[in-house]
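Colleague: what's the 3D shape of this:
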Amino acid sequence: MAGIEYEAKALDIDPVKTARLITEAGGIRRSGPRLMRRYVYDTLPATPNRWVRLRDTGAGTTLCVKQIATDAVDGTHETEVTVDSFEEASQLLGLIGLTPPSTASTSTPSRTFAFPEPCIAAQPPGYAPRMSLTSDGLGGALPEEARDGAVRRLQEAYAAGALTYEEMDRRLGRALEAGTAAELEAVVAGLPVEAPASTGVIVAAGGRITRRGAWRVPRFLKVGSAFGRVRLDLSRAVFDGPEVEIALELGTGGARIVVPRDAVVELDGVTTGWKDLRYRPRQPSRPGGPVVRVTGAVGFGRLRVRHAWFRRRQR
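Modeller: Next up is the predicted model:
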C-alpha cells in the first residue's frame, strides 16, 4: 500500500546502551539479534540520485527502487516489492547487468523495538553503529488497516440501519483521531459483529499466474510474484461480496486484469515503478456492479486493467 514514511538515523551509537534506554522508556523488544544483508546497485542507465536496493532484514527480503527527487522531508520516493530469495534475486539482477559495488554489501546484526519502531544496527568493521527510527505519521503503533476496518464497520452499520447518520459521523471523527487500539475498540463498541472476511493468497516465485473462467474471488486477494506475469480474468468469476480488493506484490513481471463490464474500478491504492498504469474507465452499463479495488505495488512491469466486452449474467 502506498504511504509516507518518516525516517531519522542516529550515527555512532552504543548499541547496548541505546537498547537499554529504549526498554526503560517503555519500548518492547520485537525481535532478538538477526542478520541483515543489503546490496545497492546503480540503475541502467546510471541516473543521479536513483538506485536499486536488495535487502534481507532477517524477517523478509525486498527489492526496491529509490529516487531522491528533492532534499525536502517528502523528497525521497521508494517503490518496493517482496521477493522470496536474496540469492536468486541477486542472480537475476546480475543477468540484466546490475552488479553491486563491494562497498555496498553489508551484513548487519540488528534488533527491532516497538517504540515507535527503532532498529538498532551494529555495523560491520569500518562502519559506525547506527539507529534508524521510522514512523508512518499516524501516532503510536495503531495499524492503518485497523483504522480502515473500523471506518468500514461504521459505514456498514449505518447502511444496515444500526446507526443514525449523526452517530456515524460522530464515531468516524473519533476513529480518525484514535491513537490506540483501546480507543478504536471503543469507537465500534455495540456494533453488530462483523462477519469474517474471506481472504485468499496466490504467490509464485516465477512462472505465470493465471486465473480465468468461473473461479471464486474472495473479498481480499493477495497476489505476489517475484519474476512472473499475472493474468486475472474476473469477467466470469464468482465474487464473495459486492467489493473485492486485489493486493499486488509484483517484482519484474506485469499484470493484466479483466474486470466485469459493469464493474467500478478503484486504482488509487496501487503504485507502479518503471511503467505507467493502463486503464480506460467506462460508464457502468447498469447500477449495482461489483467494486474491484486494486492496491499494492508493481515494480518493473506494467499493470493493465480493462473491462470485459460482454455483460455478466445475473446470478
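Colleague: tell me which element the nearest residue to Gly206 once chain neighbours are set aside falls in.
Modeller: The shortest distance from Gly206 to any non-neighbouring residue, by C-beta to C-beta, 6 or more residues apart in numbering, is to Phe227 (4.4 Å). C-beta here means a position set from N, CA and C on the backbone, and glycine is covered the same way. Under DSSP states H and E, no helix or strand contains Phe227.
Colleague: Can you give me the separation between Phe227 and Val217?
Modeller: Noted for Phe227: a distance of 24 Å to Val217, by C-beta to C-beta, to the nearest Å.
Colleague: Can you list the neighbours in contact with stretch 235-245?
Modeller: 197-198, 211-221, 258-261, 290-295, 308, 310, 312, 315 (C-beta atoms under 8 Å, 6 or more residues apart in numbering).
Colleague: That stretch spans what distance, first to last residue?
Modeller: In stretch 235-245, first residue to last residue: 15 Å (C-alpha to C-alpha, to the nearest Å).
Colleague: Same check on stretch 222-229?
Modeller: One end of stretch 222-229 sits 14 Å from the other (C-alpha to C-alpha).
Colleague: Low-confidence stretches in the stretch 51-200 of the chain?
Modeller: Scanning the stretch 51-200 of the chain for pLDDT under 70 picks out 58-59, 73, 100-145, 194-197.
Colleague: now the stretch 201-315 of the chain
Modeller: 284-287, 310-315.
Colleague: close enough to count as contact, the residue nearest to Gly206 and Gly251?
Modeller: Yes: here Phe227 lies in contact with Gly251, judged by C-beta atoms under 8 Å, at a distance of 5.8 Å.
Colleague: ok, those two, which is more surrounded?
Modeller: Using other C-beta atoms under 10 Å as the criterion, Phe227 and Gly251 rank with Gly251 on top: 25 against 19.
Colleague: can I assume the more buried one is in contact with Asp84?
Modeller: No: judged on C-beta under 8 Å, Gly251 makes no contact with Asp84 at a distance of 9.5 Å.
Colleague: Now do the shared contacts for the two.
Modeller: Common neighbours of Gly251 and Asp84 (C-beta under 8 Å, 6+ apart) are Ala226.
Colleague: out of everything not next to it in sequence, what's closest to Gly288?
Modeller: Spatially, and ignoring its direct neighbours in sequence, Gly288 is nearest to Asp262 (7.6 Å; C-beta to C-beta, 6+ apart).
Colleague: And the one you found, how close does it get to Gly224?
Modeller: 28 Å.
Colleague: Give me the neighbour count for Arg231.
Modeller: Neighbour tally, Arg231, other C-beta under 10 Å: 16.
Colleague: Oops, could you answer that again for Val193 instead?
Modeller: Neighbour count for Val193, taken as other C-beta under 10 Å: 6.
Colleague: Tell me which helix or strand it sits in.
Modeller: Val193 belongs to no helix or strand when assigned by DSSP H and E.
Colleague: Is the closest residue to Ala255 other than its chain neighbours bridged to anything, and to what?
Modeller: Using C-beta to C-beta, 6+ apart and skipping the chain neighbours, the partner closest in space to Ala255 is Val230 (4.0 Å). Residues in a beta bridge with Val230, per DSSP bridges, are Ile209, Ala255.
Colleague: Let me know how buried Val230 is, in neighbour terms.
Modeller: Using other C-beta under 10 Å: Val230 sits among 24 other residues.
Colleague: Now do the same contact list for it.
Modeller: Counting by C-beta under 8 Å, 6+ apart, Val230 has contacts 208-210, 223, 248, 250, 253-257.
Colleague: repeat that with 6 Å
Modeller: Contact analysis of Val230 by C-beta atoms under 6 Å, 6 or more residues apart in numbering lists 209, 223, 255.
Colleague: Give me the buried entries from those residues.
Modeller: Those of these that meet the buried threshold are 209, 223, 255, by 16 or more other C-beta atoms under 10 Å.
Colleague: The one helix or strand the second one maps to - contacts with which helices or strands?
Modeller: In other words, Val223. According to DSSP H and E, Val223 maps onto strand 220-225. Where contact means 3 or more C-beta pairs under 6 Å, 6 or more residues apart in numbering; DSSP states H and E, strand 220-225 is packed against strand 199-204, strand 243-250.
Colleague: next structured bit after the longest helix along the chain?
Modeller: For the chain, the helix that runs over the most residues, judged by DSSP state H, is helix 144-159. Where DSSP H and E defines the elements, the next helix or strand beyond helix 144-159 is helix 165-177.
Colleague: From the contact counts, what lies against the helix or strand just after that next one?
Modeller: Going down the chain from helix 165-177, the next helix or strand is helix 181-187, by DSSP H and E. If you count contacts as 3+ C-beta pairs under 6 Å, 6+ apart, helix 181-187 packs onto helix 144-159, helix 165-177.
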